[in-house]
Structures are given as structure tokens and as C-alpha cells.
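Novice: For reference, the sequence and a predicted model appear below.
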Amino acid sequence: MTTNFRFLQACRREPTDRTPVWFMRQAGRYMPEYRAIRARHSFLEMVKTPELAAEITLQPLRALPVDATIIYSDILPPLEGMGLRLTYEQGEGPVIHNPLCSLAEIEALAQPDPRETVAYTLDAIRLVKRELAGKLPLIGFCGAPFTLASYAIEGGGSREYRRTKQLMYREPAAWHTLMGKLATLVSDYALAQIAAGADAIQLFDSWAGALAPADYAEFVLPYVQQVVAAIRQRTTDHRTPTTDALQTQSSAANPRSSPPISYFGTDTCGRLGLLRQTGADVLGVDWRVPLDDAWAQIGPGYAIQGNLDPHTLFAPWPVLERRAADILERAAGRPGHIFNLGHGILTETPVEAVARLAEFVSAYSQSTVAR
Ligand code: CP3
């Protein structure tokens, strides 16, 4: 039953009645109901309290006609279990207080069991699944190894990734040890989310576009492949009746179908052919490339997610409408397009524009798909 959601069908490149739509960061500060909770709690309190995280996950569903929901969390909390100290500073974003500098520090990192160290998010997933009662699919997510490594090495966000690239070039043994540990963490965490009920997994490699394609191929791609292969292998053939995934309706109805995996990055137009080698089912692209060009480079065997510039949501409606229609025309009703932004919703975005956009995508694509 739950495998028939149009979002999951599109991930598998099956025909749908219309184009599914959801938005990265659809839960967040642009929503007044989110800000009301945020005024009383710190970000990490919200993420680590399953009831709050579940409630925030469901907030956008009441305001927006979207086809999927994404669990409210962040990519960085799983790093705490490795021994990294994480806080979120007002106006600054995430800060890691003991950033990694050396092989010795990387070797000393724990290899945590996310079922213990990120249990709060797994509990939130179970709560959301119960509330959704089979009405919409739930996307679980993880940061991909490179993007996690960049925060762990830089100690926060970065523009140049200087320390990250220096470690990669100067201390390849340290780099590969870190990426190996992160790949294990990410696949274990993704599998735990699937076991808790996530219907799909998105890997956020937001900053992988900072690398030259050759460096991406050598230092990053093998670890993404490792994560994708581990998730797929352990959800396809070797399910044991002890995982709670077996008890979910989707797996009971179709025990051999692996939940789809999306891989998202920004600034990836110079390496779309390489992204194909990740093995992901769905590739997320940003607005720097026209959707049909991206799809032609990626090839027909992949679903594609994107790719409206989130700033377009600040434009007058006729401009927003034209840009959204352009994306749908470029997708031309081919199975496997999931409408999304090219990056997350920005903080000041008007909620009405997001809702109107979701309605427009549904109505317009119904006619495009029918053609
Ligand atoms: O998409 C969703 O609705 C699910 C929730 C989600 C968040 N972060 C919530 C969040 C997801 C999928 C993420 C992923 C994430 N987090 C990424 C990858 C996606 C991307 O945007 O590139 C990255 C790089 C991060 C790291 C991160 N977390 C940054 C840079 C920041 C600060 C930016 C900001 O908006 O303040 C965060 C904090 C964060 N993550 C917030 C939210 C809602 C804001 C926290 C708050 O309420 O103050």
C-alpha cells in the first residue's frame, strides 16, 4: 500500500498521475508555527525531543500540499557519538568545538551505533509514521561523508574548504580513515532510519561541488558508493525478521524492494556523469543547470529531483510561475521527475508563495503528464 505513493513511484521512475513535489527544509524558520516552538527551545533540544521533532516534521503538511515529508533533524548530530562537540550558535550556524586536525585525532574517533546515539531521531521517525498513518511517505536523511567531513575538519561552515582540502592532499591516510569511518556511520544510520520506518533516504552532500571532479572521483565518490551499496544490500536480501522495518506496511507488501536513495549536492553541473556512479536512484540538482540538460547528462536510468532556485520564491507570482512551468516543461512529463528546489527554503520565504507553488506544480503537471 505505502509503496504506491507518487513520490516513491517517481523515485523508481514509474509513471505517476502528476509530478510529486516536496521542499528541502520544508520545516523551518520561515513558518510562524515553527518559530513559536523555536522561541521556547534551542535547535538541539528540538531535534533531540522526539515529540517536538515529530510535531515540527508534520507542521508543513498542514500548510503545504506536498507529497512527502522529511524527518526534522540535522545532518550533524550523529557526529556527537564520534566524540565531536556540536553547538548551534545564533546567526552563525553549526560549530564543532574540537575540529579534526590529525590522523591521531581521527583514529581516536569512536565508531558509534546510531541506534543508541541518535535514538531520538529514530523515535521521532516512529512517532511521525504513527501520525501519518500511511497517508504520506517519510524521507529519512543523512549527511554524506564529504559534507560531514567538511564540518568536522573546518569546525563549522566554510567558503573555501581550505583545511578540508589540505588534509585531503597532505594526509591522505588521515583523509581515507575519516571517510571510511563516516561512510560506516552514514550507512548504519540510514539503515536504522529505514528500520524505524523511513520510506526513502536522502544523502545530503551539499558541499561536494567545492571539489574538482577528479578529486571528487578519487577522494569522495568511493565512499558514497560504499554507503549506497551498503544500504541497498542490507535492505534487499538480508532482512531478518527482527528489524522493525519488516513490520511496516511497505516492506510487508513488498519485502524485496529497497527504499529509494536520493543523492543531493549543489554546484554539481561539472560532474553530472560522475554522480551517476554513486548508484543512487534519484539525483538532486541545483538551479545552475537546466533540468533537461542535467537529465541528458545523467542519462535516462535515473530519477531527478529539482531544481528551482529558492530565491525565486521571493519573486512576484508571474515570475515564480514561469520558472516553475519552465522546469516542468523541461521534465516534459517523463517518469522520474520529483519537483523540489535546488537547495533548502530560505528563512524569510513567504509561506503563501511555497503553498501556491506546490499547488501550481500539482495542477500544471497533471496536464503535462496527461499529454
Ligand atoms: O529539510 C528539512 O526540512 C529537514 C530538516 C533539515 C535541517 N537541516 C534542519 C535545520 C535538513 C535536511 C538539514 C540538512 C542540513 N543541515 C544540511 C544539508 C542541506 C543543506 O541545506 O545544504 C546542512 C549543510 C546542514 C548544516 C546546518 N544546519 C546549517 C548550515 C545550519 C544553519 C543554517 C540555518 O538555517 O540556520 C543548520 C541549522 C538548521 N538545520 C536549521 C534547521 C531548521 C535552523 C535551526 C534553527 O531553527 O535555528
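Specialist: Okay, I see it. Residues are numbered from 1 along each chain as shown.
Novice: Contact partners for whatever residue of the stretch 251-371 of the chain ends up closest to the ligand?
Specialist: Per Cβ to the nearest ligand atom, G344 is where the stretch 251-371 of the chain lies closest to the ligand, at 4.2 Å. The way it works is simple: take the backbone N, C-alpha and C, and place the C-beta from them, glycine included. Shown in contact with G344 (Cβ atoms under 8 Å, 6 or more residues apart in numbering): 23-25, 28, 310.
Novice: Give me the distance between stretch 112-124 and the centre of its chain.
Specialist: For stretch 112-124, the gap between its own C-alpha mean and the chain's C-alpha mean amounts to 17 Å (Cα atoms, centre = their mean, to the nearest Å).
Novice: Which stretches in the protein count as strands?
Specialist: With strands called from DSSP state E, the chain shows them at 69-70, 86-89, 93-96, 138-143, 200-204, 261-264, 282-284, 303-308, 337-341.
Novice: most tightly surrounded among the ones you listed?
Specialist: Highest mean neighbour count of the strands of the chain: strand 337-341, a mean of 28 (counted as mean count of other Cβ atoms under 10 Å).
Novice: near the ligand, from the contacts of G344?
Specialist: Among the contacts of G344, the ones lying near the ligand by Cβ under 6 Å from any ligand atom are 24-25, 28.
Novice: now the strands of the chain in CSV, with distance to G270?
Specialist: Listed next are the strands of the chain as CSV, based on distance: least, Cβ to Cβ, whole Å:
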stretch, distance to G270
strand 69-70, 27
strand 86-89, 31
strand 93-96, 26
strand 138-143, 22
strand 200-204, 19
strand 261-264, 16
strand 282-284, 14
strand 303-308, 15
strand 337-341, 20
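Novice: Pretty sure E14 sits against R334.
Specialist: No - under the criterion of Cβ atoms under 8 Å, E14 makes no contact with R334, lying 11.6 Å away.
Novice: can you count the residues close to the closest residue to I56 other than its chain neighbours?
Specialist: Using Cβ to Cβ, 6 or more residues apart in numbering and skipping residues adjacent in sequence, the residue nearest I56 is Y72, 4.3 Å away. Residues contacting Y72 under the criterion other Cβ atoms under 10 Å number 24.
Novice: cool, D113 as well?
Specialist: Residues lying near D113 (other Cβ under 10 Å) number 14.
Novice: and it, what does it touch?
Specialist: Neighbour list for D113: 81, 188 [criterion: Cβ under 8 Å, 6+ apart].
Novice: Do you know the pLDDT at it?
Specialist: At D113, the model reports a pLDDT of 98.
Novice: what bits of the stretch 201-350 of the chain have low per-residue confidence?
Specialist: Across the stretch 201-350 of the chain, the stretches falling below the confidence threshold (pLDDT under 70) are 237-256.
Novice: change it to 80
Specialist: Within the stretch 201-350 of the chain, the stretches with pLDDT under 80 are 237-257.
Novice: residues from it in reach of the ligand?
Specialist: Neighbours of the ligand within the stretch 201-350 of the chain, by Cβ under 6 Å from any ligand atom: 204, 206, 344.
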